[in-house]
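Peer 1: Okay, sequence plus prediction incoming.
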Amino acid sequence: MPLVLPQLPRRASLLDRLTDLARKQRMTRLVLGVSLTLATALFLVGGWCVLDVIFGLPVAVRAIALVSALLIVGSMVVRRIFVPAKPVSAQQLAHQLETKYPKLNDSVASAIAFLKANDTNSSQRFQQVAVSRAQRLLAKYPLEELIPTGKMWSWMLLLFALAATLGIAAMQNPAVARTAAKRFFDPFGAHTWPTKTTVLLTSPTDSSLRMALGDPLDVSFTVTGLLPDYANIEVQLEGGAFFEEPVGVTESDKRKNYAEATARLEPHRIPKNFRFRLRANDDVTAWHSVTLAPPPKLVPLDGRQSPQLR
């Protein structure tokens, strides 16, 4: 009966197995790193924005928060994305396995070195024995533990939950969310919080106007949002005198949270140049300057009263 030798392992089988394992490990670590970095960025930005909404953080604190967030996220991009993105060779993976499982005792790395060597003087039989021994030892260990699949899914779910939470919170008050983001990314900019009430001057609209002395001034405006019982016209006379004129606010029957109002400043209350603005709840318009001029007078023309009718 002829002696049949067992089929020796193929040269590429061990390399293929470790190369495929290294590829899966690289992709998993890359996805893990991206998820971890994005989750951290969302947590930092969202956390600081929430604190700013609650406490109204000063410029210095927001500037420090922005710089620290950029440093943290930047370092994570390097460590968690750029480094894992680099290809891992079968030899490097073999060293990882032998570090995790010391009983492998350099058998895997040696087998990989034999497979990659082009030394024609080395014994092919010795090479096959080393590869076969490495494969038998590897069969005893769960190689998939080198792939952080569990961590990857955990951080992906955490990223999704964090993004959903911040998204829902932002949808509740988009104006506040936009302002908080602007204040975080531009801490030195002039970004004021949106008001609960909006008052808009509809007439007169010029920031600086001229009118005749002795004429009244009619002021028209709209109020939206949280409607107060009344709005105030604040008047600053030239020379420092100041007074307020309350104006009742009544909600429109055709539109919810909307009101139109008109008020008149009588001539005896505005005897000189002045400026005025409107205030309703937490909103206030810009100042509007008014210059008073004497009304035109008729003067004689060629010794006769003008205008002359012929």
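Peer 2: Good, I have the coordinates.

Peer 1: what about Pro194, which helix or strand?
Peer 2: Using DSSP states H and E, Pro194 falls within no helix or strand.

Peer 1: And for it, the neighbour number?
Peer 2: Neighbour count of Pro194, defined by other CB atoms under 10 Å: 15. C-betas here are computed from N, CA, C, even on glycine.

Peer 1: Could you double-check that it sits in contact with Val176?
Peer 2: Yes: taking contacts as CB atoms under 8 Å, Pro194 lies within contact range of Val176: 6.0 Å.

Peer 1: just the strands in the stretch 201-310 of the chain please.
Peer 2: Assigned by DSSP state E, counting those that start in this stretch, the stretch 201-310 of the chain shows strands spanning 208-212, 217-225, 230-237, 242-248, 258-265, 274-280, 283-284, 288-293.

Peer 1: hey, which of those strands is tucked in deepest?
Peer 2: Highest mean neighbour count among the strands of the stretch 201-310 of the chain (mean count of other CB atoms under 10 Å): strand 274-280, with a mean of 21.

Peer 1: What angle do strand 258-265 and it make with each other?
Peer 2: For strand 274-280 against strand 258-265, the angle by axes from the mean of the first three to the mean of the last three CA atoms, to 10 degrees is 150 degrees.

Peer 1: Strand 274-280 - contacts with which helices or strands?
Peer 2: Where contact means 3 or more CB pairs under 8 Å, 6 or more residues apart in numbering; DSSP states H and E, strand 274-280 is packed against strand 197-203, strand 217-225, strand 230-237, strand 288-293.

Peer 1: Kindly spell out which helices and strands sit in contact with the first one.
Peer 2: To tie it back to what came earlier, the one meant is strand 197-203. Contact partners of strand 197-203 among helices and strands, from 3+ CB pairs under 8 Å, 6+ apart: strand 217-225, strand 274-280, strand 283-284.

Peer 1: Ile112: which of those strands is closest?
Peer 2: Across those, Ile112 has its closest neighbour in strand 217-225 (70.3 Å, CB to CB).

Peer 1: Give me the contact list for the closest one.
Peer 2: With contacts defined as CB atoms under 8 Å, 6 or more residues apart in numbering, strand 217-225 is touched by 195-204, 211, 231, 233, 249, 257-265, 270, 276, 278, 280-281, 283, 285, 290.

Peer 1: The closest residue to Arg183 other than its chain neighbours and Arg62: what is the separation?
Peer 2: In this structure, Arg183 finds its nearest non-sequential neighbour in His191, 4.8 Å apart by CB to CB, 6 or more residues apart in numbering. Distance from His191 to Arg62, counting by CB to CB, to the nearest Å: 10 Å.

Peer 1: Name the residue closest to the centre of the protein, please.
Peer 2: Ala181 (5.1 Å; CA atoms, centre = their mean).

Peer 1: what residues are up against the nearest residue to that one once chain neighbours are set aside?
Peer 2: Of all residues not flanking Ala181 in the chain, Cys49 sits nearest, at 6.3 Å (CB to CB, 6+ apart). Shown in contact with Cys49 (CB under 8 Å, 6+ apart): Ala177, Ala180, Ala181, Arg183, Phe184.
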